[in-house]
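1. I would like the atomic coordinates for the input below:
(chains A, B, C and D)
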Amino acid sequence: MTESISNPQIDEIDPNEPVLTVENLEVEYPIIGGLFMRKVGTVRAVRGVSFELYPNETLGIVGESGCGKTTIAKAILNLVKTSGGSIRYRNEEIQNQLSKKRRIRQKIQMVFQDPDASLNPRMKIVDIIGEPLKNLLGIKDKVELRQRVLELMTQVSLKAEHLDRYPHEFSGGQKQRIVIAKALACNPDVIVLDEPTSALDVSVQAQILNLLQELQEKLHLAYIFITHDLSVIHHIGHRIGVMYLGKFVETGNIEDIFYNNQHPYTQALLSARPAVSKSELQEKIILEGEIPSPSNPPSGCSFHPRCQAKMLPECNKKEPEETALSESHHIWCWQFGRDEI
Amino acid sequence: MEDIKITNLEAKLYRPEPFGKQMSEITKKYLGFLFVPGMKSRELERRHEMLTRFKSKRRFITKLNNPLTIFGFFIIFIVVTWAVFAPLITVFDYDIEITGIAEGITPWSAPNYLHPLGVSKFGRDVLARLIWGARSSLTMGLFSIIISVTLGTLLGIFSSYQGGIIDNLIMRMVDIIMAFPGLIIVIILISILSTSMQTILLTYGILGIPGYTRLIRGTALQEKNKTYVEAAKVAGANDLKIMFKHILPNCLAPIIVAFTFDIGGIILSLAGLSFLGFSDSSLVEWGTDINYARNHIYDAPWAAFTPGFGILLTVLAFMLVGDGLRDALDPRLQGRK
Amino acid sequence: MSLIKYTIRRIIALIPILLGVMFLTFWLAQLMPSDPWTLMAGEHMTDARKIYIEDQKQKWGYYDPILTQFLIYMKNLFSGDWGNTIAVLPKDTPVWDIISVKFPKTFEITILSVSIATVVGIFAGIFSAVHRNQWSDTIIRFFALVGVAIPVFWLGMILQFIFAVKLGWLDATGYQGIQYITYKPDITGLRLLDSFIKGDFDVFKDTVLHLIMPVFALSFISVAGITRQTRSSMLEVLELDYIRTARAKGCSEHQVIYKHAWRNAQITTITIVTLSFAGLLGGAVLTETTFALNGMGMMTIDAINKQDYFLINASVFLMTIIFVLANLITDILYGVVDPRIRY
Amino acid sequence: MIEVQKNTTNSDNSNTEEKELLLKVKDLKTYFYTEEGVVKAVDGVSFTINKNEILGLVGETGCGKSVTALSLLRLVRSPGKIISGQIEFEGINLIDLPENQMLHYRGNTITMIFQDPMNSLNPVMKVGDQLAEVYLLHQKEYLKEELAKARQENSILKEKLKQMKSDLKNASEEGAETLKVQINALKRKVKGRITLKDIAYRESSQLLDRIGLPNADSLINRYPHELSGGMRQRIMIAMGLACNSKLLICDEPTTALDVTIQAQILDMIRELKNRLHNSVLFITHSLGVIFELCDRVAVMYSGNIVEYGTVEDIFENPQHPYTKGLLAAIPKVTPESRKNKLAIIKGMVPNLIYPPSGCRFHPRCPHAMKVCQEIRPDLIPLNNAVQVACHLYDKDKSDPDLYRPLTNEERLEATI
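-> The predicted structure follows:
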C-alpha cells in the first residue's frame, strides 16, 4: 500500500531542469451577492502568471496585500481551485490534482504566514510534525515516527524535550521552526514559504532566515518565497517577481530588481521601504490612492491610476505585454513595450 | 543557532519519561533552590519553564475554582450519588413507591419521623420519591442528550465541511425543526407514539439534534477556515482526518458547555412534560409528583415543594457547572479574569 | 436601500421554513391515532349529521392523497377557513373564533412579561458586566441561573402558596374575580387595555391583581436569559479595540458603556428578546396550566388530548408563524443596528 | 508626484537643549496581576518628550511599549495597574489626577492612535458621528459659539427668504424668474433647525478637508467597514488631531498597512507635525520607520529602556549590545549585505513574569558579565545626548570578580 519513501527518479537533481513550472496560471473567486445570494461576478485573483523554479534557488514573489501572491501559493498546493493555465512538477501536470498524487504531495510543501494559526492547538508537536510522515510516507510504527520527528526537530534546532508539548508553549520563532520541520518531513524539493517571517520580530526573523538558507544549502531545496518585505527578499532571494493586482509587473534577478529597476511600481515599492541607515536613504515616491479592488480592476494597465510616470495613450486601454529588457529582466509596462509594436 | 544540540545517542534513546520520574523531576526543579544556596534566580527561570508546561491545565482548573461552580459540582455529586445508590439510601423500595405504601398511612400527611418530608398520594413517602426521582431524571436527561450531541456533532461537522448543497439541505431541515414550538411538538409526538420512557427519551434526543448541528456548524465553519486545516491538507490528511482529527477537537469546548447546560434544560422540560401529565406512569418522576400534588397545596404543600426543589437544585447545578466551564473554556475570555 | 433588499432576502429565506413546518404539522396531525371524522361522528348520528360529515370530508379532501389534502388545507387556510372544532367545546365552531378569543389572553401576559423582563434584564446584564467578578455580579449571575433553572410551574405554585394560601392577598387562579366573569374585552381583546380605555377601573384593578403572579413568574424566567445574554455580550464588546478608542477619546465610563458598548451588545440581546417573546407566546402552556388561565397553551393541550385535528393544526401554525416572524424581526433589527450585516 | 523627502526630521537635532519640555515620565512601573503571576510589563521606564519633536519608542513584541503608551493616558485596564512613577505633562502629574480631570486630557491635549484601524473604529457608528463625538466632548464651548453664529446667519437667511417670497408676489414677470432661481438657491442653504450635532459634523468635515482627505462630505456619512485600511487610519489620525492636541501617541499605526500606504501615512504624520508643531510619541517595532520619522528614539527591551538618544547617534553608532544586535539583524538593501549571513541575537525574549535577574538582556548578550547577572544597570549618559543602560559602560570596573565574562556553564544555565 505505502509508496516507497525515496523515488530514484525524483531524487535525482538536474540543476538546469525546472522543478516546478507554472504557466499562465489563472485563479478566480466567485462574488456572491444579489437577492438570491447567487454568483454575481468573479474576482480574478491571479491573472496569467508564469514562472519556472529551479532546484537550489529562491524565487521571491513580492507585492502588497491583495495582489494575489498567497493565492499563487495556494493554487500550487491545491488549496484553491485554479481556472486556467498549468502547473507542472518535473513535466507532470499537477494542477488541481495534487491531493490525489501522494508521491508529488510529499515533494511540494508549504510554510504559512502565521505560525500560531498553522499549528493545531490540540495536537502535540510530535503528532504535528509526524502528520506528513504518517499520511504521506505511511509510517505507522510509533517508535520510528518519534525517531524521525526527533531528527527533523534537531535539524531546526528544537530540543528533544519539546516533543510532547503543545504549540501554545512555544514562542513565535519556535513555532515557525516546528512548521518548517513539518514541511521538511518528506524530503521535499519545493517549499512554498508564504510570508514566513512577517509575523515575527526582527531578531527572530534573522534566525529563521539563516535557518532557511542553511537548509537550502544542505538539502538543495527550491523555495518560492512570498513576502511584502523587500529587504528580506533582497537577502535571501535569487530571482524576484513583483506583483500588482494578480499579475507580474516586473521580474528579474536581484541585480535587475534592486539596482536596475524600471517599472514605476517597483520603484515606488522600493522607495517606500523604510531605510535603517543613511546609505540606504533615497527619495521617497509617495503613491497616491489605494490598491484597487481585484473584483473591479482598472482598465488597461492596472497600475495606471496610481502610476507617476508619463501616461501613454495605451496605458488605460490595453493590458501591457511582456517585454524582455535582458535575458533575466522582464517587464510589463507600455513605456518599454511600445517601441517594438 | 541554539546552544544545545542533541547527540544522536540521546535522540535514539529518547522516550517519554514515566510519570513518576517526571514528578520527581518537577519537585527537584521546583524546590531545588531551597537546598542549593545562591541558585534562586536561575531556579526561578526553570520553575517558570515547568509552569508554562502545565499552564494550560492549571489555568483551566483555577478558572473553575469559583464558589458558584464548586457549589454546582457539589450538588451534582449529591444527586448522582442519590441516583446510583438510591436503594441503599432509602428504605422504601421502588415498587412500593409506585404502588403506594401499605395501609395505615394517611395520604397527604405531614412530615413525621418515619417520613421526614411528609407523605403524598396513596401514602407514598416524599423523601423516597425525591431520591428515586433523581435516577429517572438523570437517566432520561443524559441519554437523550447523548443522542442529540453525537448525531448533532456528526451532522454539524459534516455539513460545515462539505458546504454547498448538502450543507444547505441540512441547514434548512434544522431550521424547520427548530421553528416548531418545542413542548407542543413533543406532546403531539408522544400522543402519536406512546408515553413510554423510551419514546420520550428518543423524542427529546432527536429534537435536540438540530440545536447541536447549528452550534457545531458555526464553530466548525470558523475552524475550517483556519490555517492549520490548510496545513493538514498540505501534510496529506484526507477529509475524514481533517474533520475528525483536526476540526472536531477544536470544536469540543462549546459542545462540552452546551452539553452541561442542556442536561439541565432537558431535565427541566421533562419535568414540565410530566407536570402536564404526559409521562411514563411506571416511573417515579419529580414532575409527575408535582402534578399529583398540585391540587393539594392547601393541605399538603410539602408534597409539591420537595420534588420542585429537587428539580431546581439539579438543574441549577448543571447550569452552574456549565457556566463555569464556559468561562474556563471560552477562548474569547481567555487570559483575563 | 440595501436594508430593503436585505429584508426581502430574509423574507424569501423564511418561506420554505414556514412551508416545511406547515407540512410536517399537517402530517403529524394526520398520524394521530384517532380519525377526526370518526370523532366527529359520535355515537348516535342523525342523517343530517351524516351529510354534514360527508360534506366536510369532501371539503377537506379526505379521499385524496396527503399532498392534495395539504394543498386543499392551505387553500382554505388562506381563504380564512381554518376548519371547525371537533371535540373541543363548543363543538363545530370555527377554529378561528376560538383562537381569536384565546390568543389575546396569552398575548397580554406575554407582552407584559417580556417588556418587564427586557428592561430589567438589560440593566441587570449591563450592571453585572460592568461589575465583573464583584459580589454584586456573582449575585446577579446566581439569580439569573436560578431563573433559567427554576421550573416555572413550581415557581407559580410557590407564589400561589405564599400570596393566595398564606397571605390571602391574591386569587390563586383565573383571569378575573368571580364578579367580573361576564366582562367582555371587546375592543382589542386585551383585558387591561380595554378596561382602561373604557374607564372600568374596577375591572382594570382586578385584572392587574390577577395577572401579577403569572406575569411575575414568566418574566422571572425571561429576565434570566436576557440578563445572561446581555452580560456576556457586554463583556465581549467591552474588550474590543474601539472601546479603548472611545476611552482614549475622553469618553467617561458612562458614555463608554451606554454610547459605545451597549449599541454593539444590543445585537445579541435583540435575538434573545424576540425569541423569548415568540417562545412565551407559544409555550406559556405551563404557566397557563398552573394559574388556570385559559389561553392558547391550555387550549392546545386540550386540543391534543381530545385529538382535535383542526385546532391542533391551527394553533401550531400560528405559533410557528409567530416564531418565524420573530426571527424575521430579529434579522431586520440586526440590519438596522449593525450596518456591516446588510452588505 | 515625486516628493523629495523632507529631511527636517534629522536636521534640527543639534539644539535639543533649547527645546521646551512637554512630558516627563519618571520610573514608570505598570504591572499586570494575572493568575500565572505578576507580569512586569513596564518596569521603571523614564523618558521625556519635548515640544515639537517626534520621539520613537522601539522594541520587539512584548517589550512593554504599548503598555507604556496606555499608561500615559491611564488607560491600562484591569488586571493591569500603574504601580509607581510620575507622568508629568506640562508640570502636572497625571498619575495623581482624579478620573474626571483625566477625561479632559484624553482625546483633547493628549490623543492616541491605535494599531489596528479595522477594529479601532466603532463599526456601528458613522465616521462623522465618531469624529463629532470628539468635538462634543472637548469643545462644547466653541461649538456653542459657532451654533449661535450659525443660527443667527440662518435666521437672517430665513428673513431674506421671506422677503424674497413676498417680493415674488408683486414682482414683474421677468423679475419673478430670476427671483425664483434665487429663492431655490437660498432654500438649499436655509436649514430648518441647526443643532449642536450639525455644527460638530460641519467641523468634522472641515477637519477631514484640512488634513487632505478627498470627499470629506461623503466620507463622514459612511461606516468604517466601507473604508479601506489606510483611510480608516487617516480618520483615526484626524480624530487625534481634532482638538489640536499637544501630544499625539501613535501605537504602531502603520503595522497593519501595506508599504505604500505606510509611506502615505508616515508622510501625513510628518507633514501635520510640521504644520501644527505638536509632539508625537511614535511606537513601533520597525527600526526603519523610526529612522525615517523620529528625532529621538528610546529602545525598549523587556520592560526597560536600554538605550535612549537622538536617532542619528543611535543608528550610526549604537552602544547597547541589544541595539547593536537588532540593527545587525535587519537585512539591508546594499550589494555587499547579501554576501554575509544575518547577525542574530541568540535565545528569545524573556518571560515578563520571571524576568532574568540583573540586566534582563544578559542571557542573550554576547558580552554578559557576572555583574550583569546581579545588578540591574541604570541609564547612564554617554557622550552628551545618548544614554545607555549597560554595564559595559560602567566607569568603575575595578572588581575583577564582578566584571569577568560569564563562563559557558553559567551562560547555559541562563538560557534555559
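2. From here on, just use CA atoms for contacts and neighbour counts.
-> OK.
3. and chain A, which of its residues are near chain B?
-> Applying Cα under 8 Å from any Cα of the partner chain, we find that chain A lies next to chain B at A:77, A:79, A:99, A:102, A:105-106, A:109-110, A:112, A:114, A:117-122, A:131-132, A:135-136, A:147, A:150-151, A:154, A:157, A:159-160, A:164-165, A:169, A:183, A:207.
4. Kindly recompute the last result at 6 Å.
-> Counting by Cα under 6 Å from any Cα of the partner chain, chain A comes close to chain B at A:Ala117, A:Ser118, A:Leu119, A:Asn120, A:Pro132, A:Asn135, A:Leu136.
5. which SSE is the second one in?
-> Put plainly, it is A:Ser118. Under DSSP states H and E, no helix or strand contains A:Ser118.
6. who's in contact with the residue nearest to it when sequence neighbours are not counted?
-> Of all residues not flanking A:Ser118 in the chain, B:Tyr228 sits nearest, at 3.9 Å (Cα to Cα, 6 or more residues apart in numbering or on different chains). Under the criterion of Cα atoms under 6 Å, 6 or more residues apart in numbering or on different chains, the neighbours of B:Tyr228 are A:Ala117, A:Ser118, A:Leu119, A:Asn120.
7. Turn the residues you listed into JSON lines, including neighbour count and pLDDT.
-> As requested, these are exported to JSON lines (neighbours: other Cα atoms under 10 Å in any protein chain shown; pLDDT from 0 to 100):
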{"residue": "A:Ala117", "neighbour count": "16", "pLDDT": "87"}
{"residue": "A:Ser118", "neighbour count": "21", "pLDDT": "89"}
{"residue": "A:Leu119", "neighbour count": "27", "pLDDT": "91"}
{"residue": "A:Asn120", "neighbour count": "26", "pLDDT": "89"}
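8. hang on, the residue nearest to A:Ser118 is in a helix, isn't it?
-> Yes. Under the criterion used here (DSSP: H, G, I helix; E, B strand; the rest coil), B:Tyr228 sits inside a helix.
9. I'd like the distance between B:Gly322 and D:Met268.
-> The span separating B:Gly322 from D:Met268 equals 51 Å under the rule Cα to Cα, to the nearest Å.
10. Which residue of these two possesses the greater neighbour count?
-> Comparing B:Gly322 with D:Met268 by neighbour count (other Cα atoms under 10 Å in any protein chain shown), the higher total belongs to B:Gly322, at 24 against 16.
11. Just confirm the more buried one is within a helix.
-> Yes. In this structure, B:Gly322 lies within a helix as judged by three-state DSSP.
12. Quickly note the distance from it to B:Phe259.
-> Applying Cα to Cα, one obtains 8 Å for the distance of B:Gly322 from B:Phe259.
13. re the thing from before, just name the closest of the residues of chain A next to chain B to B:Arg214, please.
-> The closest of those to B:Arg214 turns out to be A:Asn120 (Cα to Cα; 23.0 Å).
14. Contact partners for that closest one?
-> Residues counted as contacts of A:Asn120 (Cα under 6 Å, 6+ apart) are B:Tyr228.
15. For chain D, see how far away C:Gly250 is.
-> Distance check for C:Gly250 against chain D: by Cα to the nearest Cα, to the nearest Å, it reads 4 Å.
16. That residue touches D:Gln101, doesn't it?
-> No. With contacts counted by Cα atoms under 6 Å, C:Gly250 stays clear of D:Gln101, the gap being 9.9 Å.
17. ok, the two, which is more surrounded?
-> C:Gly250 (26 against 11).
18. and that one, backbone torsions?
-> Main-chain torsions, C:Gly250, degrees, to the nearest 10: phi 110, psi 10.
19. ok, how many other residues are close to residue 257?
-> If you meant another chain, say so; for now it's chain A. The burial count assigned to A:Ile257 is 23, neighbours taken as other Cα under 10 Å.
20. Let me rephrase: I mean chain C.
-> 22.
21. Point out the residues in the stretch 1-150 of chain C that sit beside chain B.
-> Taking Cα under 6 Å from any Cα as the criterion, the stretch 1-150 of chain C approaches chain B at residues C:Ile17, C:Val21, C:Met32, C:Ala149, C:Ile150.
22. Same list, those, but as CSV with neighbour count please.
-> What follows is the residues of the stretch 1-150 of chain C next to chain B, written out as CSV (neighbours: other Cα atoms under 10 Å in any protein chain shown):
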residue, neighbour count
C:Ile17, 22
C:Val21, 22
C:Met32, 19
C:Ala149, 26
C:Ile150, 22
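23. where's A:Leu20 relative to chain C, distance?
-> When Cα to the nearest Cα is applied, the distance between A:Leu20 and chain C equals 41 Å.
24. Setting the sequence-adjacent residues aside, check what's closest to that residue.
-> Setting aside the residues directly before and after it, A:Leu20 is nearest to A:Tyr89 in space (Cα to Cα, 6+ apart), at 4.7 Å.
25. What about the one you found? Give its phi and psi, please.
-> A:Tyr89 adopts backbone torsions of phi -110, psi 110, taken as degrees, to the nearest 10.
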